[in-house]
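J.: after the sequence you'll find the predicted model.
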Amino acid sequence: MIELRNLLIDLLIKFICAIIVVCVHEYPKIFAYKLLVHPLYKKQTNISYNPMNYIDPFGIITFMFMNVGWQKPFVFNNARLKDKSKGLIAISLSGILANLLLMTILIPIFYSTGGINPHLSTFLIMLIYYNFGIVIVNLLPVPPLDMVRIVQSIKPHSYFKLIQYEKIIQSIFILALAMGILSNLVNILFKVFRII
């Protein structure tokens with residue numbers, strides 16, 4: 001009974017961590033877009049702050065059971081940006097940088113609170129790990145994740161090739177996830193960079 005309770009608590013912690021990480025990743029993009037949109041379109045730009053718009057149920061489930069996942073990207077009209085090229089990069093990087101910043105803040109907190117409560121330790125570890133994981137996933141050239149928008153800005157020709165093979169790339173991504181390759185990659189990089 002105690003084991004079942006601990007399992008449920010761990011799953012709840014992982015669920016909460018996944019939601020936090022997704023929101024931390026997407027909300028800075030909204031604020032960046034609002035700053036970078038051309039003044040002519042500011043009043044015409046309707047943006048939803050509802051977190052459900054950025055939560056991919058399958059992405060959350062894979063976070064909970066495979067320790068790696070993703071979000072529904074914030075959709076915006078890049079034609080309305082003051083500077084399309086720089087704007088795309090800034091918006092895409094804002095989510096990644098927000099996750100890295102939160103992870104950096106949480107690491108000393110984890111070390112200073114270690115051992116106080118096992119559930120608190122689990123919460124901090126998973127939050128750190130998920131922040132790192134979502135950064136790695138979004139650096140992969142998989143449509144519609146962040147790296148693809150960065151490629152769109154820097155190399156439009158390569159972007160159109162990625163979009164052309166979108167379904168194949170996504171299928172390879174899902175296969176890598178199912179085979180545990182993606183989880184192993186994140187785990188290896190987590191250890192290489194000695195995050196904690």
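T.: Perfect, I can see it now. Predicted model only: the values in this text are computed from it and were never measured. Numbering: from 1, shown residues only.
J.: now G115, what's its secondary structure?
T.: On the three-state scheme (DSSP: H, G, I helix; E, B strand; the rest coil), G115 is labelled coil.
J.: mind showing which ranges of this structure have poor pLDDT?
T.: Residue ranges of the chain with pLDDT under 70: 45.
J.: just the strands in this protein please.
T.: Counting by DSSP state E, the chain forms no strands at all.
J.: which residue ranges of it form helices?
T.: For the chain, the helices defined by DSSP state H cover 2-36, 57-66, 84-113, 118-138, 146-154, 156-164, 166-178, 181-192.
J.: give me the angle between the longest one and helix 146-154.
T.: Comparing the axes of helix 2-36 and helix 146-154 via axes from the mean of the first three to the mean of the last three C-alpha atoms, to 10 degrees yields an angle of 20 degrees.
J.: mind giving me the packing neighbours of helix 2-36?
T.: With contacts defined as 3 or more C-beta pairs under 8 Å, 6 or more residues apart in numbering; DSSP states H and E, helix 2-36 has these neighbours: helix 57-66, helix 84-113, helix 118-138. C-beta here means a position set from N, CA and C on the backbone, and glycine is covered the same way.
J.: check which residues of that helix are buried.
T.: If you call a residue buried by 16 or more other C-beta atoms under 10 Å, then helix 2-36 has these buried ones: 10, 13-14, 17-30, 32-33, 36.
J.: and what of the fourth one?
T.: Going by neighbour count (16+ other C-beta under 10 Å), the buried part of helix 118-138 is 122-138.
J.: same thing with the second one?
T.: Using 16+ other C-beta under 10 Å as the burial criterion, the residues of helix 57-66 that qualify are G59, I60, T62, F63, M64.
J.: next, format the helices of the chain as JSON lines and append distance to N50.
T.: What follows is those, written out as JSON lines (distance: least, C-beta to C-beta, whole Å):
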{"stretch": "helix 2-36", "distance to N50": "11"}
{"stretch": "helix 57-66", "distance to N50": "15"}
{"stretch": "helix 84-113", "distance to N50": "17"}
{"stretch": "helix 118-138", "distance to N50": "19"}
{"stretch": "helix 146-154", "distance to N50": "20"}
{"stretch": "helix 156-164", "distance to N50": "27"}
{"stretch": "helix 166-178", "distance to N50": "25"}
{"stretch": "helix 181-192", "distance to N50": "28"}
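J.: which of these sits closest to V75?
T.: V75 lies closest to helix 2-36 among the helices of the chain, at 9.9 Å (C-beta to C-beta).
J.: so what's the gap between the closest one and the chain middle?
T.: Its chain's average C-alpha position is 10 Å from that of helix 2-36, according to C-alpha atoms, centre = their mean, to the nearest Å.
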